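Trainee: Here's my sequence, what's the structure:
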Amino acid sequence: MRSPNMRFKSFVTLTGALLARRPLTRLLAAAKDPRRGAVTVAAAQFLGALRARFALVLVTLLPAVVATPTYALSQESVGSFLATAMPLATLGTELYRGDREGAWQYALTFTTASVSTEVLKHVIHSERPDGADNQSFPSGHATRAFSAAAYVRERHGLEAAAPLYVTALYVGYTRVNADRHRWADIAGAALVAEVAAAWLVERAPAAQVTISPEFDRRFIGARFFARW
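Mentor: Alright, predicted model coming up:
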């Protein structure tokens, strides 16, 4: 007996895009066949649920998807990219998982940490190591990166956040290496992010999300794993 002729392959990329070999209408039509009904109905429900979130996730995670050739970038450029991609990817992951409460808490954490950093910059007037200006403390790039790590730790646990902390430290290293900040500026940024997360974030009922950086000599990006 031949197997049902409804082979299709689908996968969710980092942007949340879904590729299918069979149109959704054909899958729904195939559900009339008792031999295929259970499989096709489940497939149709799966596709329908993802389609509703596709546009939002596509826009949110786009910066984290682009494979950026590191040989064409300086360490400072890579650090700047990660400082932007990490918050967007964290927010997008929570929205994709359907954790709107977590997404809102992270939005508040990111905003609070970023505003606090700007206020401290203008109050403390710490000169940068390269003498460019007097807004060195704390580091804005490091604040953005550590806000993602601090949120994930508070919401999902240290195990899920560990790769983000490593990446955030790398962002801090690129800023110090570029002579834009001192390590005290990075530590101050991390403290600001941790305080904001501790104040605004609540632990998720079931924390099962992992975000890990992916990079080698040819590209940089992030990998996400979530169960719900």
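Trainee: any idea which element Val166 lies in?
Mentor: helix 158-177 (DSSP states H and E).
Trainee: ranges for the strands of this protein?
Mentor: Per DSSP state E, the chain carries strands over the ranges 11-12, 18-19, 209-215, 220-226.
Trainee: Kindly tell me how buried Val171 is, as a neighbour count.
Mentor: 26 (other CB atoms under 10 Å). (C-beta placed from N, C-alpha, C; glycine too.)
Trainee: And the pLDDT at it?
Mentor: Predicted confidence (pLDDT) for Val171: 97.
Trainee: so what's it closest to, chain neighbours aside?
Mentor: Ala145 (4.2 Å; CB to CB, 6 or more residues apart in numbering).
Trainee: Likewise for Tyr165?
Mentor: Closest to Tyr165 by CB to CB, 6+ apart is Ala149, at 4.6 Å.
Trainee: doesn't Ala168 make contact with that neighbour?
Mentor: Yes - counting by CB atoms under 8 Å, Ala149 does reach Ala168; the two are 4.8 Å apart.
Trainee: tally of neighbours for Phe81?
Mentor: Per other CB under 10 Å, the neighbour tally for Phe81 reads 20.
Trainee: Then Arg175?
Mentor: Arg175: 29 neighbours (other CB under 10 Å).
Trainee: Trp199 now?
Mentor: Trp199: 11 surrounding residues under other CB under 10 Å.
Trainee: List the contacts of the nearest residue to it once chain neighbours are set aside.
Mentor: Of all residues not flanking Trp199 in the chain, Thr112 sits nearest, at 7.6 Å (CB to CB, 6+ apart). Going by CB atoms under 8 Å, 6 or more residues apart in numbering, Thr112 touches Ala196, Trp199, Leu200.
Trainee: joint contacts of Ala149 and Ala168?
Mentor: Contacts common to Ala149 and Ala168, judged by CB under 8 Å, 6+ apart, are Met86.
Trainee: Which residues are in contact with the residue nearest to Val171?
Mentor: By CB under 8 Å, 6+ apart, Ala145 lies in contact with Leu82, Ala83, Met86, Pro87, Leu164, Thr167, Ala168, Val171, Gly172.
Trainee: correct me, but the third one touches Ala150?
Mentor: I take that to be Met86. No - here Met86 lies out of contact with Ala150, judged by CB under 8 Å, at a distance of 11.2 Å.
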